[in-house]
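Novice: A predicted structure for the sequence below; I have some questions about it.
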Amino acid sequence: MNRTNIKNHSFLVLIAVFIICVIFAKGESNLMNIADTGVIMGVLGTVLTYVASDKVAPSLISGVLAGGVMAVMSFVMPVNAILTFGGLFLILASVIVMKVMGRLDHEHVIMMLFIAGFWVQFCYVQYTDATLRQNDVGYFLENQFEPHHAGYIDYIRHYGWIPSADVREMDQWYHPPLHHLICAYFMRLYGTVFPGLTRNYEVLQLLTLMYSFLSVVFMRRIIRLFDITESTDRIITAFLVSFPIFIINAGELNNDILSVMFFVMSVYFIFRWYKGEKKTLFIALSALCIGLGMMTKLSVWLAAVPVGTVLLAELINTRGRKLKLWGQYLMFGAISFPLGLWFPLRNLIGWGVPLTYIPVPIYDGSLAQYGIFLRLFDFFGNSGYYNIPYFALWSSLFDDDDYRANPVWGLMSFAIFMIFILLVLIAFAGIIYMAYKALKKRRDVALSLALVLMVVAELVSYTIFCFEFPYICTMNFRYIIPVTITFALGMANLYDDPFSGEKVKLVRKIVNSAIIIFAILSVVFYSSLWIYDCWIIQNPV
């Protein structure tokens with residue numbers, strides 16, 4: 001199986017990696033013994049050697065050697081150190097070897113970037129407990145079902161189905177249940193296969209790891225549909241795989257990242273449908289993803305903005321004269337509406353719960369005392385974390401955590417934050433330029449418009465949400481993760497500009513340098529954060 005076959009069977013490869021991680025990594029480094037560590041590092045060594053050489057025998061030998069050496073080293077080093085620093089060393093060494101051998105072409109670079117991105121997310125999951133750096137998850141308690149995502153999952157695991165009650169009395173249980181159903185039945189299966197680990201809920205983080213990784217994969221696929229150059233593809237992929245929001249969400253056990261994955265996939269499939277031969281399969285997959293996304297989190301309805309824009313554009317292009325098109329649209333509604341709306345309609349009919357019901361956060365202090373100007377424009381004052389743009393940017397990198405207590409991670413977080421502000425400014429400029437270029441050249445107009453309208457809809461909805469529910473938690477970037485697609489494409493447009501000139505070259509150098517430094521710092525930060533976790537336990541703030 002060569003590189004092409006790996007790409008063609010990437011989904012099967014990912015399933016195999018997931019199964020290996022479930023068996024040996026367990027979602028928790030503290031549960032890994034020496035043999036587990038050897039197997040995981042051996043698999044990494046095998047994959048890296050195979051990507052570099054396309055040969056099975058040397059790859060297996062390399063994997064055995066890597067696994068053996070790392071297993072021996074685990075006698076004197078923490079497992080987290082083996083996984084993070086040992087894993088990154090193997091990845092870097094493989095890149096250097098491929099470069100020396102002259103095999104580091106575009107496809108190899110992309111594959112290595114994805115391997116590195118997956119590994120950082122995986123390591124983060126392994127050293128992050130199911131109760132650490134979470135949002136609305138709560139605790140998994142014996143014979144108790146608290147009103148958070150953990151209790152929701154445990155209830156379904158115990159009883160087999162969602163409760164028949166008014167969700168307004170159960171806090172986070174108001175969410176549609178797909179994520180919780182998957183987690184609950186996965187734990188039932190996991191507990192059957194591994195009866196000694198029936199309460200190891202950390203293993204669920206391997207599910208969210210897959211959701212997060214697939215979100216990145218499909219975001220990159222969307223951007224590739226815009227016919228960017230290989231150099232732009234590489235630099236934007238480097239940004240996506242190192243963007244901290246995907247690392248953080250890989251370890252979060254709420255329903256956010258599954259909903260993001262379905263949102264992104266729905267956009268990808270409708271774009272494929274529009275740019276191709278209007279195959280029914282793609283529009284059906286887009287409808288399925290929107291339906292399943294809304295069955296995970298109702299806010300996925302916002303995917304209707306980019307998807308609806310594309311559907312409307314095709315209707316205008318054909319002037320509504322194609323009977324097949326109308327049939328596809330009816331099928332789209334027949335798939336997406338029942339999946340997406342059965343749960344809120346059930347609550348409305350059964351208990352009178354409004355379709356748009358959201359509980360008021362009871363664990364967060366209100367920010368209602370801060371006016372519109374402070375919340376929107378006081379970016380640099382912000383002593384109380386009340387400024388919406390500031391907190392959106394900060395939480396996309398570090399959630400709601402503050403690392404200033406430690407000078408090392410405090411300095412790194414400041415550097416990452418400042419570079420990210422620069423990248424966001426570049427992205428905004430790139431989005432404007434993208435819209436101008438699409439209208440001027442009449443190329444990819446519908447897709448560009450769809451992504452621009454998506455950003456507008458997401459940001460307007462998010463801002464209204466922040467004022468209707470004036471709390472710190474509602475300002476979190478996790479509510480608007482899909483805007484990353486358009487922002488990354490904006491950076492790509494400035495980087496990919498075909499025109500010559502010193503000013504254009506300067507912009508290209510700035511984008512290139514900023515993303516590379518951002519990616520390196522992000523990887524270093526989240527590969528070493530387990531050390532900070534140990535430090536903060538010994539030095540509580």
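Specialist: Right, received. Where do you want to start?
Novice: surely Glu252 and Val137 touch.
Specialist: Yes - in this structure Glu252 lies within contact range of Val137 using C-beta atoms under 8 Å: 7.1 Å. In this view, the C-beta of every residue, glycine as well, is placed from N, C-alpha and C.
Novice: tally of neighbours for Asp378?
Specialist: Around Asp378 sit 18 other residues, with neighbours defined as other C-beta atoms under 10 Å.
Novice: oh sorry, the question was meant for Ser212
Specialist: When neighbours are counted by other C-beta under 10 Å, Ser212 registers 30.
Novice: for Leu206, see how far away it is.
Specialist: Plainly put, Ser212 is 11 Å away from Leu206 if you go by C-beta to C-beta, to the nearest Å.
Novice: same check on Ile335?
Specialist: Here the criterion is C-beta to C-beta. By it, Ile335 lies 29 Å from Leu206.
Novice: okay, these two: which has more neighbours?
Specialist: Neighbours were tallied for Ile335 and for Leu206 using other C-beta under 10 Å; the higher tally belongs to Leu206 (23 against 20).
Novice: pretty sure the more buried one sits in a strand.
Specialist: No - under the criterion used here (DSSP: H, G, I helix; E, B strand; the rest coil), Leu206 is helix, not part of a strand.
Novice: list the contacts for it?
Specialist: Leu206 makes contact with 18, 21-22, 25, 27, 125 under the criterion C-beta atoms under 8 Å, 6 or more residues apart in numbering.
Novice: please narrow those residues to those residing in helices.
Specialist: 18, 125 (DSSP state H).
Novice: could I get the contacts of Leu206 as JSON lines with pLDDT?
Specialist: Written out in JSON lines, the entries for the contacts of Leu206 read as follows (pLDDT from 0 to 100):
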{"residue": "Phe18", "pLDDT": "95"}
{"residue": "Cys21", "pLDDT": "96"}
{"residue": "Val22", "pLDDT": "96"}
{"residue": "Ala25", "pLDDT": "96"}
{"residue": "Gly27", "pLDDT": "95"}
{"residue": "Val125", "pLDDT": "98"}
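Novice: which one of the contacts of Leu206 is nearest Val193?
Specialist: Val22 (8.9 Å; C-beta to C-beta).
Novice: isn't Asn200 up against Asn30?
Specialist: No - counting by C-beta under 8 Å, Asn200 does not reach Asn30; the two are 10.3 Å apart.
Novice: so those two - more neighbours on which side?
Specialist: With other C-beta under 10 Å as the criterion, Asn200 and Asn30 differ in neighbour count, and Asn200 comes out ahead with 18 against 12.
Novice: what helices and strands are in contact with the helix of greatest length in the chain?
Specialist: Determined from DSSP H, the single longest helix within the chain is helix 502-538. Using 3 or more C-beta pairs under 8 Å, 6 or more residues apart in numbering; DSSP states H and E as the contact criterion, the neighbours of helix 502-538 among helices and strands are helix 106-127, helix 230-242, helix 244-250, helix 407-441, helix 483-495.
Novice: any idea of the mean pLDDT in it?
Specialist: In this model, helix 502-538 has an average pLDDT of 91.
Novice: just give me the neighbour total for Asp136.
Specialist: For Asp136, the neighbour count with other C-beta under 10 Å is 20.
Novice: no wait, Val76
Specialist: If we define neighbours as other C-beta under 10 Å, then Val76 has 8 of them.
Novice: do the same with Val137
Specialist: When neighbours are counted by other C-beta under 10 Å, Val137 registers 22.
Novice: and if you look at the one 3 residues further on?
Specialist: Neighbours of Phe140 under the rule other C-beta under 10 Å: 24.
Novice: state the phi and psi torsions of it.
Specialist: Torsion angles at Phe140 (phi, psi; degrees, to the nearest 10) stand at phi -90, psi 110.
Novice: per-residue confidence, it, what does it come out as?
Specialist: Per-residue confidence (pLDDT) for Phe140: 94.
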